[in-house]
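In: Give me coordinates for this.
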Amino acid sequence: MKVLLYTEGEKTIGKSGFGKAIKHQMKALDEVGIKYTTNPSDDYDILHINTYFLKSYRLAKKAKKQGKKIVYHAHSTEEDYKDGFIFGRQTSKIFKKILIKCYSLGDIIITPTPYSKRLLEGYKGLENKKIVALSNGIELDLFKQNKNDRENFRKRYNYTEKDKVIIGIGLYSRRKGIVDFVNLAKRLPEYKFIWFGSSPLSIATSDVKKAVRTKLDNLTFAGYVEQKRIVEAMNGCDLYLFPTLEETEGIPIIEACACKTKALIRDIPVFSEWLEDGKNVYKAKDIDEFEKKIKKILNDELPYLGNEAYKVAAERDIKTIGKKLKEIYYSLLV
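Out: This is a model prediction of the structure:
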């Protein structure tokens, strides 16, 4: 068995969570010994396709005509698209039609969580498709704490050991909660806030542009950094804050769990079945609750949950994900 892992525009999406998920697929297949190629000209038995652009659609149509089996990976939904960038809300219905047209070509559709699975099952045109929820996973071994991580992180960004540092991760997108992140920095000048990740401001909504251009003594926009710097930050900060408004999964929170980092996330449906408030993370519904819980967490007024959080990450190690992908592939060839 040989799989064609196909991703259109990989250079463009490579710095996003989307791009990270695709790298995880490759690693997962390596772990379980599944042969794969990324070249559409090669021979293959199963097409595992990740994108919904025109070339992707045409490749899927061609594979269908050739009798190939297709796994369509549903990384996106209308719900996580419409609050992403400028004109997202105005074009979300068109985007949804494109997704349905592409995803419907799959013999099996994979999506990261039970939440995104339910969303897709509610789309007209996909109600009779086989849809499987499977985490994008993480490379658990990459997140082992190095004794120098905290020192290196703080030295790199000029924080002292006494500083209480809060990190956020994501594109410059309203959906990622960056506006609330900046407003919390305004409300809590006693803490340091740093945001990792970036995307062109030209496609950002006006509130995001204003947020990113905000100048505060306690706020830093670090831009895109490589994975090992994220690991340092996770292990060197005092809190990971994830005020996202919508996700199909949210890889950074799994990474925070792997590092046993204190984490505060928005209480939204995608997290309801696998992240529990007060058990493995803390949750907040709005900016006022975020402010209150940040203070409690950083003042050690709430219990540490890192050991329970780690269990969430361990269940999503790519070694486990690879085994489940292998089962999905073989189910198509029976």
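
In: Poorly predicted segments of the stretch 1-150 of the chain, please.
Out: Residues of the stretch 1-150 of the chain that meet the criterion pLDDT under 70 lie in 10-17.

In: Domain ranges for the chain, per the record?
Out: If you go by automatic domain parsing, the domain ranges for the chain are 2-137+318-333, 140-314.

In: and the gap between the spatially closest residue to Glu308 that is not a sequence neighbour and Lys164?
Out: Nearest residue to Glu308, sequence neighbours excluded (C-beta to C-beta, 6 or more residues apart in numbering): Asn280, at 4.3 Å. C-beta here means a position set from N, CA and C on the backbone, and glycine is covered the same way. Distance of Asn280 to Lys164, computed by C-beta to C-beta, to the nearest Å: 22 Å.

In: hmm, back to that, can you put the domains of the chain in TSV and add mean neighbour count?
Out: Formatted as TSV, those follow (neighbours: other C-beta atoms under 10 Å):
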stretch	mean neighbour count
domain 2-137+318-333	18
domain 140-314	18
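
In: May I have the phi/psi pair for the spatially closest residue to Phe290 that is not a sequence neighbour?
Out: With C-beta to C-beta, 6+ apart as the criterion, Phe290 has its nearest non-adjacent residue at 4.3 Å, and that residue is Ala284. Backbone torsions of Ala284, given as degrees, to the nearest 10, read phi -140, psi 150.

In: Assess the claim that Ala284 and Ile268 are in contact.
Out: No. The criterion here is C-beta atoms under 8 Å, and Ala284 misses it with Ile268 at 10.4 Å.

In: give the contact list for the residue nearest to Lys130 when sequence neighbours are not counted.
Out: Spatial nearest neighbour of Lys130, excluding adjacent residues (C-beta to C-beta, 6+ apart): Ile108 at 5.1 Å. By C-beta atoms under 8 Å, 6 or more residues apart in numbering, the residues touching Ile108 are Ile70, Val71, Tyr72, Lys130, Ile131, Val132, Ile328, Ser331, Leu332.

In: of these, closest to Gly9?
Out: Of all the contacts of Ile108, Tyr72 has the smallest distance to Gly9: 16.3 Å, by C-beta to C-beta.

In: wait, what's in contact with that closest one?
Out: Ile49, Ala60, Cys102, Tyr103, Leu105, Gly106, Ile108, Ile109, Ile110 are the contacts of Tyr72 under C-beta under 8 Å, 6+ apart.

In: Redo those as TSV? Include secondary structure and distance to Gly33.
Out: Shown next, in TSV, are those (DSSP: H, G, I helix; E, B strand; the rest coil; distance: C-beta to C-beta, whole Å):
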residue	secondary structure	distance to Gly33
Ile49	strand	22
Ala60	helix	26
Cys102	helix	29
Tyr103	helix	28
Leu105	coil	27
Gly106	coil	24
Ile108	strand	21
Ile109	strand	25
Ile110	strand	20
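
In: Let's have the residues you listed in JSON lines, adding distance to Leu126.
Out: Below are the contacts of Tyr72 laid out as JSON lines (distance: C-beta to C-beta, whole Å):
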{"residue": "Ile49", "distance to Leu126": "15"}
{"residue": "Ala60", "distance to Leu126": "15"}
{"residue": "Cys102", "distance to Leu126": "11"}
{"residue": "Tyr103", "distance to Leu126": "6"}
{"residue": "Leu105", "distance to Leu126": "11"}
{"residue": "Gly106", "distance to Leu126": "9"}
{"residue": "Ile108", "distance to Leu126": "12"}
{"residue": "Ile109", "distance to Leu126": "7"}
{"residue": "Ile110", "distance to Leu126": "13"}
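
In: Go through the residues you listed and say which is closest to Ser206.
Out: Nearest to Ser206 among these, with distances taken as C-beta to C-beta, is Cys102, at 30.6 Å.

In: Now do the closest one against Lys215, distance only.
Out: Distance from Cys102 to Lys215, counting by C-beta to C-beta: 42 Å.

In: How about Lys293?
Out: For Lys293, the distance to Lys215 equals 26 Å [C-beta to C-beta].

In: Check Lys319 too.
Out: 45 Å.

In: And for Ile203?
Out: Between Ile203 and Lys215 the computed distance is 22 Å (C-beta to C-beta).

In: could you dump the strand or helix carrying Val208 to PDB, C-alpha only?
Out: Following DSSP states H and E, one finds Val208 within helix 206-212. Output in PDB follows, covering the C-alpha atoms of helix 206-212 (Å, rounded to 0.1, in the frame of the first residue of the first chain):
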ATOM      1  CA  SER A 206      -9.800  46.400  11.100                       C
ATOM      2  CA  ASP A 207     -10.000  45.400  14.800                       C
ATOM      3  CA  VAL A 208      -7.100  43.000  14.400                       C
ATOM      4  CA  LYS A 209      -5.000  45.700  12.600                       C
ATOM      5  CA  LYS A 210      -5.600  48.100  15.500                       C
ATOM      6  CA  ALA A 211      -4.800  45.400  18.000                       C
ATOM      7  CA  VAL A 212      -1.500  44.400  16.400                       C
END
